[in-house]
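[1] pasting the structure only:
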């Protein structure tokens, strides 16, 4: 099993374990720390969505920092099982929901609005371009989108990159609506 640790909040230093799976690349500690410095350490009341949950590092990190609701969607059975085990390890924090399903189907059918959406899909498969048109219906005017990609993203649909970093071959971005 692979592992990653939560870097901040209530579950700080807890280790999450996950299996090998095609396309699964957990967000490194340093990148998550940077992201939550950009967002602010306290996510009290936030509703977060991770449609490509993978290791769960981003979703569990948001829950650790007080997010009221975190929805993680995962399709791969072994990865899904590891997410559920990690949820139990953290004593099933209130507001964390793990859904077995396809990211596109969930995004197309979801009725909820989110304050923060994490997009860290498998690389080289065109996922970001496919989900971009669905984001407006799932967000508020002042919501944020976090994107990890193998390339730099200056904008995505009506979203503009307001913060960008690079760690190794990974480009990570915080986007906000151009009008916000």
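    The structure has been received and is ready for your questions. Quick caveat, the model's predicted, so the values are computed rather than measured. Numbers count the residues shown, from 1 in each chain.
[2] The chain: strands as residue ranges?
    With DSSP state E, the ranges of strands along the chain come out as 2-5, 15-18, 47-50, 69-74, 96-100, 114-119, 139-149, 155-156, 159-167, 170-177.
[3] And those: which comes nearest residue 29?
    Ranking the strands of the chain by proximity to residue 29 (CB to CB) places strand 2-5 first, at 6.5 Å. (Each C-beta comes from the backbone N, C-alpha and C, glycine too.)
[4] In the closest one, which residues are buried?
    Neighbour-count burial for strand 2-5, counted by 16 or more other CB atoms under 10 Å, picks out residue 4.
[5] Give me the sheet partners of that strand and which way each runs.
    Applying DSSP bridges, strand 2-5 is found paired with strand 15-18 (antiparallel).
[6] Okay, buried residues for the partner strand please.
    Residues 16, 18 are the ones in strand 15-18 that count as buried (16+ other CB under 10 Å).
[7] who's in contact with it?
    Strand 15-18 is contacted by residues 1-6, 24, 26, 54-57, 60, 79, 82-83, 85-86, 89 when judged by CB atoms under 8 Å, 6 or more residues apart in numbering.
[8] run the last query once more with 6 Å
    Residues outside strand 15-18 that contact it (CB atoms under 6 Å, 6 or more residues apart in numbering) are 1-5, 55-56, 82, 86.
[9] confidence score at the residue nearest the centre of the chain?
    Of all residues in the chain, the one closest to the mean position by CA atoms, centre = their mean is residue 118, 3.0 Å from it. As predicted, residue 118 sits at a pLDDT of 97.
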